[in-house]
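Mind looking at a prediction? Sequence and model below.
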Amino acid sequence: MRLSNFRRKKIAGPVLVVTALLTVGSAFSIASALPSAQRTEVSAQSTLVDEGKQIFLKGCSSCHGLNAEGGAVAPSLIGVGAAAVDFQVGTGRMPMADMSQQAMRKKPVYDATQTAALAAYVASLAPGPAAVDSASLTWERDGNVAQGGELFRTNCAMCHNFAAQGGALTNGKYAPSLMGVEPQHIYEAMITGPQSMPKFSDKTITPAEKLSIIKWIKSAQSEPAIGGASLGRVGPVTEGLLVWTLGLGLLIGIAVWLATKAR
Amino acid sequence: MKKSERVAGNVASYIDDRTGAAGWAKKNLTKVFPDHWSFMLGEIALYSFIILLLSGTFLTFWFDPSQQEVIYNGTYAPLSHVSMSASYASTLHISFDVRGGLLMRQIHHWAALIFMAAIVVHLLRVFFTGAFRKPREANWLIGIGLLTLGIVEGFLGYSLPDDLLSGTGIRIAEAIIQAIPVVGSYLSFFAFGGAFPGHVFIPRIYIVHVLLLPGIFLALITVHLMLVWYQKHTQYPGPGRKETNVVGYPLMPVYMAKAGGFFFIVFGVTAFLGAVASINPIWLYGPYTPGQISAGSQPDWYMGWLDGLVRMAPPLETHAFGHTISWNILIPGLIIPGILFTGMALYPFIESWMSRDNREHHLLDRPRNVPNRTALGAMSLSFMIISLANGGNDIIATHFHLTINGIMWFTRFGLFIVPPIVFIITKRICLSLQRADREIVLHGRETGRLVMTPEGEFLEVHEELTPEKKWTLTQHEQPAALTAPSEDANGTRSKAGIKGKVRARMSEAHVEQITSPTATEAHELEGGHH
């Protein structure tokens, strides 16, 4: 059958719409699934402080102040420690792209060496939590998945969702998805409490428990899709959406087809 | 006669001699049903119910409805040695250690979602086509009962595994019970056998879920179908179709084959969803503990509108005589659903009252021909959709980069503003469609063929409709509005009073129509035009 004949068929419209939706949908999912930037190991050196200060003056001081004392739109960085810098700059949140509700994760502006320099400079201003690196975190060896899950559900799931997929906060703020986040950044977020997140001190959640939480997050991330497509692991909303579109769509479509056949 | 035929004949005679079934079967197997795809929506619900019974029975073989605390040591490693209730542990066991268990759980849950969705679309079909009118008001009420019980049954069902999400749902149910003024706290203590969560709630809802409600469902569905059988099925208008006949195919063999086949199709679609799409992954939610909560905790979709209403309710509370009245839960959780469902149940009676119509109706309305009813339905639907959208406000916020507060405020205002707009627009669309019908009956279908007359004039050829088509487009009644005279012929004041005026006003809105072309009009035009 020639294509030009096909387009006159009743079914051509629906088929075209479905094809177009599939194309756009898969293009979007491919485009949005690009891997996040890789990071390399950070090494701290005392000479880095000066280097860091230069980067700071160029890239950060307009908001955070010439001496990191803070300003109208940005907090003071004195005492936040290298951990906060490594988290904020290492995940691309700082420098911010715009003054939106919340700094979002994006491709880091500074490379690992520059980030380390910045961290060294900020750490030199006042004592604060030190940066950690993924290699030194022994979560795979020392973490306990089940205990980590319990801790996660008690302390983290209320914002980050039961499967660490992220969730909404007030006024456009959100708890981001933890899928694909480097262990060091998860750890640093817990000890520094970035943005809306509370700080979990070593007394609230011990370092060993933090490793368990990381292990649970990694286990949730690598868990295969048990029972079929995961539907985003966001609960019943997507299930309801699927039942009304695919489920009822198929059934009503077949009912229409059956009734047409009878004539 | 072949041997097999003789044996079959003997068996049939044996049964008929003892039961007299032949006469009954002869009458009923040839019963005629009209044919339309929209008459199969209720069937989807019926077949899903059968699937629910079958898959649910399978699940009861392993499910342990107990809140006894146990330590998990099954195959799902991320919950190893975690303490949980026996009901949660047995659901994990069904999911990971029973052959086919997870598939059955997923089929059961998908079937429940399809069941509820099919009930809703079936209800919409019945409403928009006026199938609820006399003599089918009782069946409408049974349908509303099934919908309401379906919501309860679904909620109880997904509460049974005692996972973090379902426990959160029960917590909200407890809050709604407690919001009942004065007696709320006592009712909550009765239901939970003490303070939340207690040890008795899961065993109690289990027996309600697997015995009490399915029993009521079976009884109601049986009566529902018996009434369809006894009152006969409605049919869409068309040539040869009257209030006094049913045009269609006999039960045997046409509908036996179609319905039987359609059952397997529904089963197939449900099993397909159960096989390819995860639903209610309770192992990810974790066991319920009152101290924990997950972001994005939502109910299943048929409860979502309730959750949406609760989410948008402003924080209102009053304290009087030592009692707290939580309007923020009472209004969205009990009062609004009460008004909606009562209004829905009463609608057939309201319509019959306001149009003073006590006749039987077996021919369905085309939705456009009753603009007021269609607009009311669309308006109610928009109310539900807005509420439902707010039920998923956090998921919408994160996935479309919106603010949860913005969505909440939009739905708070939208709930009052959008439905009236939808009413007006729907009514206008219906009237426009009626105009289009009138136009096409009088002037025929535009063929798009242009013809040049010898004088050089261009004319588009209009193709006249077939008489059958014309009949279908013009057969509907167009009753005049009721009037409410304030005095009768002798100058006595009418007894009807305000009630009569209200009725007249409602009737006026109800009958707003575009005048359908009469036979003479059509005839005259034919003479003039062609």
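Arrived safely, thanks for sending.

Point out the other helices and strands that the longest strand along chain B packs with.
In chain B, taking DSSP state E as the definition, the longest strand is strand B:445-452. Applying 3 or more CB pairs under 8 Å, 6 or more residues apart in numbering or on different chains; DSSP states H and E, we find strand B:445-452 packed against strand B:458-463. Placement of C-beta: from N, CA and C, glycine included.

Can you list the buried residues in the strand it packs on?
residue B:462 (16 or more other CB atoms under 10 Å in any protein chain shown).

Which residues outside the helix or strand encompassing residue A:189 are in contact with it?
Using DSSP states H and E, residue A:189 falls within helix A:183-192. The contact list for helix A:183-192, computed with CB atoms under 8 Å, 6 or more residues apart in numbering or on different chains, reads A:80-81, A:83-84, A:86-87, A:90-91, A:129, A:131-134, A:137, A:139, A:178, A:197, A:199-202, A:205, A:210, A:213-214, A:217-218.

Just the buried subset of these, please.
Here, 16+ other CB under 10 Å leaves A:80-81, A:83-84, A:86-87, A:90-91, A:129, A:131-134, A:137, A:139, A:178, A:197, A:200, A:205, A:210, A:213-214, A:217-218 buried among those.

Poorly predicted segments of the stretch 1-150 of chain A, please.
Scanning the stretch 1-150 of chain A for pLDDT under 70 picks out A:1-4, A:7, A:31-46.

er, chain B I mean
Using pLDDT under 70, chain B drops low at B:485-489, B:494-496, B:524-530.

so where do the strands sit in it?
B:32-33, B:69-71, B:83-85, B:249-250, B:317-320, B:323-326, B:445-452, B:458-463.

Including distance to residue A:259, could those strands go into a markdown table?
A markdown table is the format used below for those (distance: least, CB to CB, whole Å):
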| stretch | distance to residue A:259 |
| --- | --- |
| strand B:32-33 | 12 |
| strand B:69-71 | 52 |
| strand B:83-85 | 48 |
| strand B:249-250 | 11 |
| strand B:317-320 | 53 |
| strand B:323-326 | 49 |
| strand B:445-452 | 24 |
| strand B:458-463 | 26 |
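
rewinding a little: in helices, which of the buried ones among the contacts of helix A:183-192 fall?
Judged by DSSP state H, those include A:81, A:83-84, A:86-87, A:90, A:139, A:210, A:213-214, A:217-218 as members of helices.

Among the residues you listed, which pair sits farthest apart?
Across these, no pair lies farther apart than A:81 and A:218, at 24.6 Å, counting by CB to CB.

Provide a list of residues in contact with the closest residue to chain A within the stretch 151-300 of chain B.
The nearest approach of the stretch 151-300 of chain B to chain A comes at residue B:295, 2.7 Å away (CB to the nearest CB). Taking CB under 8 Å, 6+ apart, we find residue B:295 in contact with A:157-162, A:166-168, A:175, B:394.

Let's have those residues in JSON lines, adding secondary structure, neighbour count and distance to residue A:67.
Listed next are those as JSON lines, based on DSSP: H, G, I helix; E, B strand; the rest coil; neighbours: other CB atoms under 10 Å in any protein chain shown; distance: CB to CB, whole Å:
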{"residue": "A:157", "secondary structure": "helix", "neighbour count": "25", "distance to residue A:67": "39"}
{"residue": "A:158", "secondary structure": "helix", "neighbour count": "16", "distance to residue A:67": "37"}
{"residue": "A:159", "secondary structure": "helix", "neighbour count": "21", "distance to residue A:67": "33"}
{"residue": "A:160", "secondary structure": "helix", "neighbour count": "23", "distance to residue A:67": "35"}
{"residue": "A:161", "secondary structure": "coil", "neighbour count": "27", "distance to residue A:67": "39"}
{"residue": "A:162", "secondary structure": "coil", "neighbour count": "29", "distance to residue A:67": "43"}
{"residue": "A:166", "secondary structure": "coil", "neighbour count": "20", "distance to residue A:67": "35"}
{"residue": "A:167", "secondary structure": "strand", "neighbour count": "26", "distance to residue A:67": "37"}
{"residue": "A:168", "secondary structure": "strand", "neighbour count": "25", "distance to residue A:67": "36"}
{"residue": "A:175", "secondary structure": "strand", "neighbour count": "23", "distance to residue A:67": "32"}
{"residue": "B:394", "secondary structure": "helix", "neighbour count": "24", "distance to residue A:67": "40"}
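
quick one: which of those residues is nearest residue B:139?
residue B:394 (39.2 Å).

what about the closest one, distance to residue A:113?
39 Å (CB to CB, to the nearest Å).

just residue B:307 next, same as before
Taking CB to CB, one finds residue B:307 at 50 Å from residue A:113.

Who has more neighbours out of these two?
Neighbours per residue, other CB atoms under 10 Å in any protein chain shown: of residue B:307 and residue A:113, the larger number sits with residue B:307, 25 against 14.

Residue in the stretch 51-200 of chain B with the shortest distance to chain A?
residue B:113 (4.1 Å).

Thanks a lot, catch you later.
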